[in-house]
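K.L.:
How does the following fold in three dimensions:
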Amino acid sequence: MSNSTDKLLKIIAAVILPPLAILLHEGITKQFWICLVLTIIFFLPGMVYAIWIVTK
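P.N.:
Down below sits the predicted model:
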């Protein structure tokens, strides 16, 4: 899979299920837990955070 396709799939995952995108991008790290908590509290902050992590 090319790098641009991989990034696009991670962005789609970040919109649908934000912690999954972080898990695929970095594994179980501090960012994953932050995203999980943000997603549990309210979905939109978790989605924004996941997109930010995946695209940076």
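
K.L.:
how close does Leu38 get to Leu8?
P.N.:
For Leu38, the distance to Leu8 under the criterion Cβ to Cβ, to the nearest Å works out to 22 Å. Backbone N, C-alpha and C define where each C-beta goes, glycine included.

K.L.:
So what would you say the end-to-end distance of stretch 20-39 is?
P.N.:
With Cα to Cα, to the nearest Å as the measure, stretch 20-39 spans 11 Å from end to end.

K.L.:
helices or strands next to the helix or strand bottoming out on mean pLDDT in the chain in the packing?
P.N.:
Lowest by mean pLDDT, DSSP states H and E among the helices and strands of the chain is helix 3-16, with a mean of 90. Identification of packing neighbours for helix 3-16 by 3 or more Cβ pairs under 8 Å, 6 or more residues apart in numbering; DSSP states H and E yields helix 18-26, helix 43-55.

K.L.:
Identify the residues contacting it?
P.N.:
Taking Cβ atoms under 8 Å, 6 or more residues apart in numbering as the criterion, the residues outside helix 3-16 that touch it are Met1, Leu20, Ala21, Ile22, Leu24, His25, Met47, Ala50, Ile51, Val54, Thr55.

K.L.:
contacting residues around the third one?
P.N.:
When you say that, I think you mean Ala21. Listed by Cβ under 8 Å, 6+ apart, the contact set of Ala21 reads Lys10, Ile11, Ala13, Ala14, Cys35, Ala50, Ile51, Ile53, Val54.

K.L.:
top of the residues you listed by neighbour count?
P.N.:
Of all the contacts of Ala21, the most densely surrounded is Ala50 (31 neighbours; neighbours counted as other Cβ atoms under 10 Å).

K.L.:
can you pull the pLDDT of that residue?
P.N.:
At Ala50 the predicted local distance difference test score is 95.

K.L.:
Ok, Met1 next?
P.N.:
Here the pLDDT value assigned to Met1 is 61.

K.L.:
That's all I had, so thanks and see you.
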